[in-house]
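Participant: One predicted model, sequence on top.
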Amino acid sequence: MNVCVQSGWLFSLPLALIGAVSAGVLLVALWVARQPYFSGRSTFVVLHAAMLWWLLAVGVELGVQGASCKVFWASMAWPGIAAVPSLWAVFLWQYVNSIRTPLRPAAYLLLGVGPLVACVLAIVNPGQLFYGPLTAPLNDLPGAPVIYQHGPLFNAVAIYVYLFMLFSLAVVLRGALASQGLHRRHYLAFVLVTCVPWLANAGHLLYGWSLFGFDPTPFSFAFTLVAFTLLITAVRLFDLVPVARHLLLEELPDPVLVVDAQGRVVEANRAALQLSGAGDDWQGRALRDWPLLGGELQRLLAQGAAGDDREPLLTLAAPLRHFELRARNIERQTRSGPLSLGCMLYLRDVTQRHLSELQLGEALALSEERLRTISSLHGQLQELALRDPLTGLYNRRHLDEYFVREQARCLREDKPIALALVDLDHFKLLNDEHGHLTGDDVLRELSRRLTDSLRGSDAVFRIGGEEFLLVLPGAEAEEAYRRLAQICQQLAQVPMATRVGNLVVTLSAGLSHWPAQGAALDGLLQVADAALYEAKHRGRNQVCMLQPTER
Ligand SMILES: Nc1nc2c(ncn2[C@@H]2O[C@H](COP(=O)(O)OP(=O)(O)OP(=O)(O)O)[C@@H](O)[C@H]2O)c(=O)[nH]1
């Protein structure tokens with residue numbers, strides 16, 4: 001190498017151009033190295049270093065005068081030649097897939113194996129299988145460019161390089177197809193820029209294109225790097241959109257997790273890490289093994305997959321917190337249909353809402369309970385207001401409403417209504433002889449017997465002290481008379497059990513009939529009262545029904 005350095009130099013315009021391109025690549029590398037948060041950043045920087053190596057080797061090859069020295073420096077360019085396409089492929093893969101985790105050093109070393117082997121093969125040139133025997137300067141002039149004959153080893157290395165270039169093209173093409181709008185245009189520009197080294201290399205190999213007598217491929221790669229940098233600085237997708245997205249994700253107060261198709265957590269924002277207390281080794285850990293959240297999230301996802309419509313709610317104890325889970329599938333369209341890549345889990349803190357809902361629910365339940373109690377009390381009061389406390393029978397207040405209803409029904413059904421006014425005989429005497437409480441016993445027992453005699457829609461009311469009214473809808477006058485006479489007879493025959501022993505009491509009853517003897521209740525009651533008066537007058541313990549002439 002010393003011999004080559006001392007073999008004589010010729011500084012020329014092309015050499016200055018190579019120096020300028022190299023300086024440009026160096027500046028871009030420095031700029032890129034200062035950019036935070038972008039996918040594939042470290043690979044992009046290493047890629048620039050490889051590019052620089054290639055350009056510098058080409059520059060030295062151009063500058064040195066001896067033919068063997070030119071071949072030596074052409075061989076020395078191989079680490080750069082072979083590394084640039086492989087690093088380019090890795091960088092594009094990381095960029096397009098937004099992979100922010102840098103490659104491990106071991107991976108870079110592995111990527112370096114191919115370029116090193118290519119370099120050693122080119123320098124050693126075993127059996128002239130890399131550069132063929134016809135490799136020679138173009139002419140006898142000092143510093144004339146060397147024309148290389150490509151041997152099979154050269155071709156093998158070229159295939160290695162082309163495979164990576166093909167992969168790069170496929171990656172950006174896929175990115176362009178999978179994206180939309182500004183991103184698609186961005187990736188399409190990548191595709192065009194990525195094609196430039198292909199064109200340059202194909203032109204060199206097939207049609208002998210050259211730049212200053214050299215393979216134009218390194219210059220095209222340098223152009224690609226600069227164009228790429230211009231593209232990303234112009235669109236700012238590199239540092240602005242991903243950074244903004246990343247910041248947004250990080251600053252989001254709600255936990256977010258991204259789970260791959262194998263159920264491993266590949267992304268988690270700060271809120272998710274804080275909530276779960278996951279350690280530094282969280283990336284790649286299976287969701288089910290995540291502290292605090294994993295098991296429950298897994299259960300909720302399974303519940304959703306089983307078609308359960310319930311709102312997926314993650315509840316954590318101590319302190320009690322509730323999170324609404326939103327799971328969104330991440331899919332890629334393939335020819336055979338959508339392919340699931342994983343899912344994004346978004347946990348929205350709904351603790352306050354949930355607690356408010358619970359409190360509201362409790363308050364509502366309490367209100368409903370109170371409303372039920374009030375309604376029931378209201379019903380009881382209404383019922384009490386309509387009933388006589390001694391006998392439990394309906395009183396005069398309920399009679400009006402009941403009679404109007406029955407009247408309307410019987411009018412529709414073309415049926416009459418019989419009314420029977422019932423009054424105990426000599427009740428004052430009974431009270432006086434046996435006491436008021438015994439009188440109450442008699443009133444209660446009479447109420448029971450009257451109630452027992454009712455049928456269907458019949459009703460009995462206590463409308464005065466010892467006065468009762470039986471309403472018999474549908475009963476013809478004769479039938480009503482017969483039924484009342486039977487009640488009257490049974491009462492006289494069957495003594496009543498009272499606190500002072502068995503007592504025989506009798507009743508008198510007066511009948512009236514709707515519509516034959518009146519249209520309104522008051523009028524009918526008057527008719528019945530007159531009939532009752534007549535029954536008393538005739539000696540009591542009987543039923544009386546006045547004919548129209550008797551009134
Ligand atoms: N034990 C009791 N007596 C009552 C009640 N309400 C009214 N009375 C009594 O019922 C009696 C009614 O007496 P009167 O209207 O004179 O009638 P009567 O003694 O039955 O005579 P006639 O009807 O003509 O047979 C009065 O003594 C009232 O005090 C009550 O709730 N309990």
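Facilitator: Noted; the coordinates are in hand.
Participant: Pretty sure residue 258 sits against residue 344.
Facilitator: Yes - between residue 258 and residue 344 there is a contact under CB atoms under 8 Å: 5.2 Å. C-beta here means a position set from N, CA and C on the backbone, and glycine is covered the same way.
Participant: Where does the stretch 201-350 of the chain get nearest to the ligand, residue-wise?
Facilitator: Closest contact between the stretch 201-350 of the chain and the ligand, by CB to the nearest ligand atom, is at residue 310 (62.5 Å).
Participant: quick one, what contacts that residue?
Facilitator: residue 303 (CB atoms under 8 Å, 6 or more residues apart in numbering).
Participant: How far away from the center of its chain is stretch 203-217?
Facilitator: Centroid separation for stretch 203-217 versus its chain: 59 Å, with CA atoms, centre = their mean, to the nearest Å.
Participant: Quick check: end-to-end length of that stretch?
Facilitator: End-to-end distance for stretch 203-217, by CA to CA, to the nearest Å: 9 Å.
Participant: what residues does it touch?
Facilitator: By CB under 8 Å, 6+ apart, the surrounding residues in contact with stretch 203-217 are 12, 14, 17, 58, 61-62, 81, 138, 145, 197, 200-201, 219.
Participant: go on, stretch 524-537?
Facilitator: Against stretch 524-537 from outside (CB under 8 Å, 6+ apart): 419-423, 425, 469, 508-514, 517-518, 542-546, 550-551.
Participant: mind running it again at 6 Å?
Facilitator: 419, 421, 423, 508, 510-512, 514, 517-518, 542, 544-546, 551 (CB atoms under 6 Å, 6 or more residues apart in numbering).
Participant: in that stretch, what counts as buried?
Facilitator: Neighbour counts over stretch 524-537 (16 or more other CB atoms under 10 Å) mark 524-528, 530-536 as buried.
Participant: avg pLDDT for that stretch?
Facilitator: Mean per-residue pLDDT for stretch 524-537: 96.
Participant: how about it against the ligand, any contact?
Facilitator: Yes - legend: contact between stretch 524-537 and the ligand by CB under 6 Å from any ligand atom is shown at residue 536.
Participant: So the closest residue to the ligand within the stretch 451-551 of the chain: helix, strand or coil?
Facilitator: Closest to the ligand within the stretch 451-551 of the chain is residue 465: 2.6 Å, counting by CB to the nearest ligand atom. The local conformation at residue 465, judged by DSSP: H, G, I helix; E, B strand; the rest coil, is coil.
Participant: Let me know the closest of the contacts of stretch 203-217 to the ligand.
Facilitator: residue 197 (117.0 Å).
Participant: Would you check that the closest one makes contact with residue 221?
Facilitator: Yes - between residue 197 and residue 221 there is a contact under CB atoms under 6 Å: 5.1 Å.
Participant: where does this protein dip in pLDDT?
Facilitator: For the chain, the stretches with pLDDT under 70 are 1-7, 35-38, 100, 182, 212-214, 232-244, 335, 548-551.
Participant: Pull out the buried positions in stretch 220-236.
Facilitator: 220-229, 231-232.
Participant: outside of that stretch, which residues touch it?
Facilitator: 21, 24-25, 28, 51, 84, 186, 189, 193, 196-197, 200, 238.
Participant: Let me have the residues you listed in CSV, adding distance to residue 352 and neighbour count as columns.
Facilitator: As requested, the contacts of stretch 220-236 are exported to CSV (distance: CB to CB, whole Å; neighbours: other CB atoms under 10 Å):
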residue, distance to residue 352, neighbour count
21, 61, 22
24, 57, 16
25, 56, 23
28, 51, 21
51, 56, 26
84, 56, 28
186, 42, 20
189, 48, 19
193, 51, 19
196, 57, 17
197, 58, 25
200, 63, 21
238, 39, 23
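Participant: what sits against the residue sitting nearest the centre point of the chain?
Facilitator: Nearest to the mean C-alpha position of the chain, by CA atoms, centre = their mean, lies residue 326 at 3.9 Å. Counting by CB under 6 Å, 6+ apart, residue 326 touches residue 346.
Participant: returning to what we had before: near the ligand, list only the ones from the contacts of stretch 203-217.
Facilitator: Applying CB under 6 Å from any ligand atom to the contacts of stretch 203-217, none is adjacent to the ligand.
Participant: In helices, which of those appear?
Facilitator: Mapping the contacts of stretch 203-217 onto helices (DSSP state H) picks out 14, 17, 58, 61-62, 81, 197, 200-201, 219.
Participant: Scan those residues and report the most crowded one.
Facilitator: residue 58 (29 neighbours; other CB atoms under 10 Å).
Participant: Any residues of the stretch 301-450 of the chain in contact with the ligand? List them.
Facilitator: 390, 423-429, 431, 436, 439-440, 443.
Participant: What ranges does the stretch 451-551 of the chain have for its strands?
Facilitator: All strands of the stretch 451-551 of the chain, identified by DSSP state E, counting those that start in this stretch, fall at 459-462, 467-473, 496-498, 501-503, 507-514, 543-545.
Participant: same thing with the stretch 201-350 of the chain?
Facilitator: 256-260, 265-268, 313-316, 321-334, 337-349.
Participant: okay, those in a markdown table with distance to residue 67 next?
Facilitator: Shown next, in a markdown table, are these (distance: least, CB to CB, whole Å):
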| stretch | distance to residue 67 |
| --- | --- |
| strand 256-260 | 55 |
| strand 265-268 | 54 |
| strand 313-316 | 74 |
| strand 321-334 | 53 |
| strand 337-349 | 54 |
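Participant: And the spatially closest residue to residue 474 that is not a sequence neighbour, how close does it get to residue 515?
Facilitator: Sequence neighbours aside, residue 415 is the residue nearest to residue 474 in space, at 4.4 Å (criterion: CB to CB, 6 or more residues apart in numbering). For residue 415, the distance to residue 515 (CB to CB, to the nearest Å) stands at 10 Å.
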